[in-house]
Structure formats: C-alpha cells, structure tokens
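**Q** Build me a model from this:
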Amino acid sequence: MQYEWVDDDSDVPPGVSNLGSSQPEEGRQYVMYYGTTRQNAEAISASGFHQSADGMLGPGVYLRGDLQKASLHPAAIPESDRAVIKVVVDVGKVIAINCQNHPDQKTWHDHGNDTAWMKSGLEEMCVWDPNRIQIINIINPLPVQSSSGCEAHGYK
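**A** Coordinates of the predicted model:
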C-alpha cells in the first residue's frame, strides 16, 4: 500500500513561518517536523521532547523543515507505523554548519548558540533546549488507493 503525508497549515500560529530548505533567521519561529514511530509520537506528545545524547551536530533535538523528508524516518520502520510531529520552534541564536567537520559542529552551543542548522544535503536543524519546541500536532500517513493504470475512454 502507498501512503501520502498531508499537512494542514490552518493550525500554524500567527507570526510563524514555514522554513522549508531556507536558512533560519535568528530570533524567529518556524514550523518544523520530527519523524518517528506512532508509539514514540504519542509518548513525546505526552511528555515533551528530550535532548538526544549525541548526533551529527551533538546533543539536541533534531528537526527538519520539510514534512516529506521527516516522514522518511525512521527508515527501518514500515511507513504505516511512522508519524511526524509538527512543531513550532523558537530558534533563538542560530549557527549555520555548512560542511562536515566544521570546527563548531558539535560545540556550537558552547559559543552561545541555541540552534545549529546544517544545509549540506541534509537540511537538518538541531535545537539545544527542548523548551524552545512547542508541539502543534501529530501527522499520520494517509493510505492512497492505487489505480490499476487502466481507464475506459468513450468516443462520441
């Protein structure tokens, strides 16, 4: 079965922007997405996000600006068992990490930054403090009826 991921922007608070693949601007709020399992999404919804111990950008909460990219995670889980948490993030002070092995790749928070943004193909954001993240809702995949590709056409 095939699935589609649909986002309804009617739940976005005023003044909040969609980030997409753009570099976030300091001090702004953006809609972001976190891909996980349905079970984990419910647990996060109940208790909030927690900082990961480590990752490509060090400790923090890893988010994406694109629903479709977030929906690919976790890759080892069937799509029907995945969910995406839609959030609003107050990014605070942002540093762009534009390459692997950047000198501040894992130490960006030590220099007063609240969020690290990596563009180099991943378009991923790492937020140090989970309290900067507000959950809007959980998006589940919608089954799509596949067509057989055959259609009947009539002539007059």
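**Q** For the residue lying closest to Glu124 once chain neighbours are set aside, grab the count of nearby residues.
**A** On the basis of Cβ to Cβ, 6 or more residues apart in numbering, the spatially nearest residue to Glu124 that is not a chain neighbour turns out to be Met118, at 5.0 Å. Using the backbone N, CA and C atoms, a C-beta is placed for each residue, glycine as well. Met118 is surrounded by 21 other residues when neighbours are defined as other Cβ atoms under 10 Å.
**Q** I'd say Met118 and Met56 touch.
**A** Yes - under the criterion of Cβ atoms under 8 Å, Met118 is in contact with Met56, at a separation of 6.9 Å.
**Q** what about the protein, any weak spots by pLDDT?
**A** 21, 120-122, 146-156 (pLDDT under 70).
**Q** what about 50?
**A** Low-confidence regions of the chain, defined here as pLDDT under 50, cover residues 153, 155-156.
**Q** what ranges do the strands span in it?
**A** For the chain, applying DSSP state E gives strands covering 2-4, 17-18, 29-37, 61-64, 82-90, 94-97, 115-118, 124-127, 133-139, 142-144.
**Q** Out of these, which is closest to Ser10?
**A** Nearest to Ser10, of all the strands of the chain, is strand 133-139, at 10.6 Å by Cβ to Cβ.
**Q** Strand partners (parallel or antiparallel) of that closest one?
**A** Strand 133-139 has the following sheet partners, assigned by DSSP bridges: strand 82-90 (antiparallel).
**Q** what's next to stretch 66-73, contact-wise?
**A** 5, 7, 20-21, 33-36, 63-64, 79, 82, 84, 86, 123, 139, 141 (Cβ atoms under 8 Å, 6 or more residues apart in numbering).
**Q** go with 10 Å
**A** In this structure, residues lying in contact with stretch 66-73 by Cβ atoms under 10 Å, 6 or more residues apart in numbering are 3-7, 18-21, 31-37, 62-64, 79, 82-86, 122-124, 139, 141.
**Q** what do you get for stretch 13-25?
**A** Residues contacting stretch 13-25 (Cβ under 10 Å, 6+ apart): 7, 9, 12, 28-33, 63-67, 69, 88-92, 94, 96, 98, 115, 117, 119, 123, 125, 134, 136.
**Q** what about the longest helix in this structure?
**A** With DSSP state H setting the assignment, residue counts place helix 38-47 as the longest helix in the chain.
**Q** between that helix and strand 82-90, how many degrees?
**A** Comparing the axes of helix 38-47 and strand 82-90 via axes from the mean of the first three to the mean of the last three Cα atoms, to 10 degrees yields an angle of 30 degrees.
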